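Student: Build the 3D model from these lines:
(chains A and B)
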Amino acid sequence: MKAKIVFAAAVIAGLSFGSTAAEARTLIQNKGSDTLVNVAQAWAEAYRNVDSGVAVAVTGGGSGTGIASVINGTVDIANASRAMKKKEVDLAKSKGQDPVRHVVGYDALAVFMHMANPAKTLSISQLAEIYGEQGEVEKWTDIGLEVPGCKGQEIVIVSRQNSSGTYAYFRRAVLGKKRDYKLGTLDMHGSKDVVDLVEKTPCAIGYSGFAYATDYVKIACVEKGESGNCVSPSVQNASDNSYPIARPLFMYTNGRPKGEIKKYIDWILGDAGQCIIQEKGYAPVREVKCE
Amino acid sequence: MANDEVASRAAVSPRTRPGRRADAARHVDKDRLTLDWYQDKIVQVVVFLGGISAIVFIIGIFLFITREGFSFVVEKLEITEFFTSIRWQPTSEHRPTYNILAMIAGTASVTGLAMVVAIPFSLGAAIYISEFARGKTREALKVLVELLAAIPSVVWGFIGLSLMNPLIIELFDVPVGLNVLNAGIILGLMAAPIMTSIAEDALKAVPDGYREAAEAMGATRWQVVVKVVLPAARNGLLAAVLLGVGRGFGETMAVLMATGHSINIPDSIFDSVRALTATIAAELGETAVGSDHYQALFTIGIFLFVVTFTINLLADLVVRGVRKG
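Tutor: Next comes the predicted model:
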């Protein structure tokens, strides 16, 4: 009996000791872009070995989610695959926040097709006619292709939910400022879902970050203008700006980062952090030598 | 023990006539002091709070969603366009539009097809469990139906996205398998268990005397079911269907994954569509609080609330009909 009480006391003491130890750790809330979520998680994990006193909690949800939490002041670092609009910055300032932008890497948006699709290159203007409102391309035959296994050669256009940063960037880069997407696109809730759906649907075309590419989908070589030269998405081509649909990836903090948050962002922008982003299939902000 | 005391005193008091008044007064005083009296009052209050909590919550939720969406509805919403245009482009850079006709059509078509799938299944299962199955078969079936109801909706959605999509492309030779058919089947299977249990309750509520009388007249078991039990349980069965419709209307995750989430008025069951609930789920987390987009989503919430409320009210009225008749 006595032994039991001692044991229980020891357990309780252990628990309370454990909880005080946890309180001493600094928690950084990191939230936003689905494109960045894998990298953000890898950073958070690696940073545990750098500073065990800091825990980084990463959640996805899309750039809109991250930016909304910056505006509402509910996050320490927000990830975004698009820049905040002026309206959003104003809204944040009116709520007493001061969003500061950090470019942490670059991402090439790959255009995916089914493996059976014979297409090799697609030009930006073809993509615009496929994706854009009043676009003329409705069928694969309209751009001179015959896709085996695709009923009626009708193009199944796969897009993203309208609050996604990828959605916004692809619209800006391919359709331009004044044009919207066609109504009737299949709006997937995540980059991975796009690739999964395209993989199983012969008629489909979709776009996502290059890092989400798998061996089971075809990646289009994208041609800018009518030059006849196309560029395939890759880390190299995203860094040197030769791939036409590549975008910067951002982290937002509230005000200039201080203390542990500053240390974390500096580490991300340092060689260690930049090697991790490169390993995950994105382009680093500058050239780094990694093992 | 305390109960006995009160009871004995109550039994004694009428006998002692002369000092009755004084005794009664003392009786009340003493009664107040017992633990039972407090217990009784506390339980009364707790039960009352429990009883009204549903109403309080419903009113609270309704106030919350109207508060968030109200100024948009009053100031910016073109109510006819809202219901008659399919353009939903809330994040457009030059001209944001917030109109929900396509989503109403999507939700309605998916729910409609789900009912086409679910009604025969659930009615058949309910009739079999209640009228034909006996003993262990019956118990096993009831447990299995309940188990089917316990499958989380995200699992159903996953089945729709990764299993049914290639299957539908293969079987029907269509461009894409995320469509009304896919979501309708998934939703039908999700709604069927609930409809089965309610329909079974309705069938069980038909007095055995009806069946015995019909059998005494020489009816076969099938004739008993079709001509006597089903008509007698008509209202309960209708309520089951209406609750299934309500379930279909409110389901979110599975339809988000299985419909294709595409703004489109379907002209066949192989077209991709988008549901009202799925739109809120996909977009609400990513909009800035208080923006037009946010308020438009809450306006959809108000609309959904009104529709499901009406459906549930109808179901309730129908069930009341069954009790009267």
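
Student: Now the longest strand seen in chain A: buried residues?
Tutor: Longest strand of chain A, by residue count under DSSP state E: strand A:99-114. Buried residues in strand A:99-114, counted by 16 or more other CB atoms under 10 Å in any protein chain shown: A:99, A:102, A:104-114. All C-beta atoms are positioned from the backbone trio N, CA, C, and that covers glycine.

Student: Mind putting those into CSV with pLDDT and distance to chain B?
Tutor: Below are the buried residues of strand A:99-114 laid out as CSV (pLDDT from 0 to 100; distance: CB to the nearest CB, whole Å):
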residue, pLDDT, distance to chain B
A:Pro99, 93, 12
A:His102, 93, 21
A:Val104, 93, 20
A:Gly105, 91, 21
A:Tyr106, 90, 22
A:Asp107, 89, 19
A:Ala108, 90, 22
A:Leu109, 92, 17
A:Ala110, 94, 20
A:Val111, 95, 18
A:Phe112, 96, 15
A:Met113, 95, 13
A:His114, 95, 11
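
Student: Could I get the full set of strands for chain A?
Tutor: Under DSSP E, chain A gives strands at A:26-32, A:54-61, A:77-80, A:99-114, A:121-123, A:156-160, A:186-188, A:204-209, A:217-219, A:221-223, A:230-231, A:246-254.

Student: Tell me which of those sits nearest to A:Ala40.
Tutor: Distance to A:Ala40, taken as CB to CB, is lowest for strand A:54-61 among the strands of chain A, at 4.6 Å.

Student: ok, the closest one: who's next to it in the sheet?
Tutor: When pairing is defined by DSSP bridges, strand A:54-61 lines up against strand A:26-32 (parallel).

Student: And the furthest pair within the buried residues of strand A:99-114?
Tutor: The distance between the two most remote of the buried residues of strand A:99-114 (CB to CB) is 39.9 Å, for A:Pro99 and A:His114.

Student: who touches the residue in the stretch 151-300 of chain B that chain A sits nearest to in this structure?
Tutor: Closest to chain A within the stretch 151-300 of chain B is B:Glu286: 2.9 Å, counting by CB to the nearest CB. B:Glu286 sits next to A:Gly61, A:Gly62, A:Ser63, A:Gly64, A:Thr65, A:Ala68, A:Gln161, A:Ser163, A:Ser164 when contact means CB atoms under 8 Å, 6 or more residues apart in numbering or on different chains.

Student: at 10 Å what do you get?
Tutor: Residues near B:Glu286 by CB atoms under 10 Å, 6 or more residues apart in numbering or on different chains: A:32, A:61-69, A:161-165, B:91, B:293-294.

Student: try B:Phe48
Tutor: The contact partners of B:Phe48, by CB under 10 Å, 6+ apart, come to none.

Student: re earlier: quick check: nearest residue in space to the residue of the stretch 151-300 of chain B closest to chain A, chain neighbours excluded?
Tutor: Leaving aside its sequence neighbours, B:Glu286 sits nearest to A:Gly64 (CB to CB, 6 or more residues apart in numbering or on different chains; 2.9 Å).

Student: Sort out which of the contacts of B:Glu286 are buried, if you could.
Tutor: In these, the ones that pass as buried (16+ other CB under 10 Å) are A:32, A:61-69, A:161-165, B:91, B:293-294.

Student: Show me the residues you listed that map onto helices.
Tutor: A:Ser63, A:Gly64, A:Thr65, A:Gly66, A:Ile67, A:Ala68, A:Ser69, A:Gly165, B:His293, B:Tyr294 (DSSP state H).

Student: among these, which two are most distant?
Tutor: Maximum distance among those (CB to CB): 17.8 Å, for A:Gly165 and B:Tyr294.

Student: Let me know the pLDDT of the residue nearest to A:Ala211 when sequence neighbours are not counted.
Tutor: Distance criterion CB to CB, 6+ apart; nearest residue to A:Ala211, sequence neighbours excluded, is A:Gly281 at 3.2 Å. Model confidence at A:Gly281, given as pLDDT, is 83.

Student: now swap in B:Arg17 and tell me
Tutor: B:Arg17 is given a pLDDT of 50.

Student: Could you do A:Phe7 as well?
Tutor: A:Phe7 is assigned a pLDDT of 51 by the prediction.

Student: my guess is B:Lys142 contacts B:Ser197, does it?
Tutor: Yes. Here B:Lys142 reaches B:Ser197: they are 8.1 Å apart, a contact under CB atoms under 10 Å.

Student: what residues are shared contacts of the two?
Tutor: Residues touching both B:Lys142 and B:Ser197 (CB under 10 Å, 6+ apart): B:Ala125, B:Ile129.

Student: Quick one: neighbours of B:Trp88, just the number.
Tutor: Using other CB atoms under 10 Å in any protein chain shown as the criterion, B:Trp88 is surrounded by 22 other residues.

Student: need the contact list for it.
Tutor: Contact analysis of B:Trp88 by CB under 10 Å, 6+ apart lists A:162, A:183, B:96-103, B:263, B:274, B:279, B:283, B:296, B:300.

Student: quick one: contacts for residue 240?
Tutor: Picked chain A for this. Contacts for A:Asp240 (CB under 10 Å, 6+ apart) come out as A:Tyr106, A:Ser234, A:Ala246, A:Ala283, A:Glu287.

Student: actually it's chain B I care about, not the one you picked
Tutor: Shown in contact with B:Ala240 (CB under 10 Å, 6+ apart): B:118-119, B:122-123, B:126, B:191, B:194-203, B:233, B:315, B:318-319.

Student: just the buried members of these?
Tutor: Neighbour-count burial (16+ other CB under 10 Å) applied to those gives B:118-119, B:122-123, B:126, B:191, B:194-200, B:202-203, B:233, B:315, B:318-319.

Student: so of the residues you listed, which ones are in helices?
Tutor: In helices, defined here by DSSP H, the members of the buried ones among the contacts of B:Ala240 are B:118-119, B:122-123, B:126, B:191, B:194-200, B:202-203, B:315, B:318-319.

Student: Tell me which residue in the stretch 101-250 of chain A sits closest to chain B.
Tutor: Counting by CB to the nearest CB, the stretch 101-250 of chain A gets nearest chain B through A:Ser163, at 3.5 Å.
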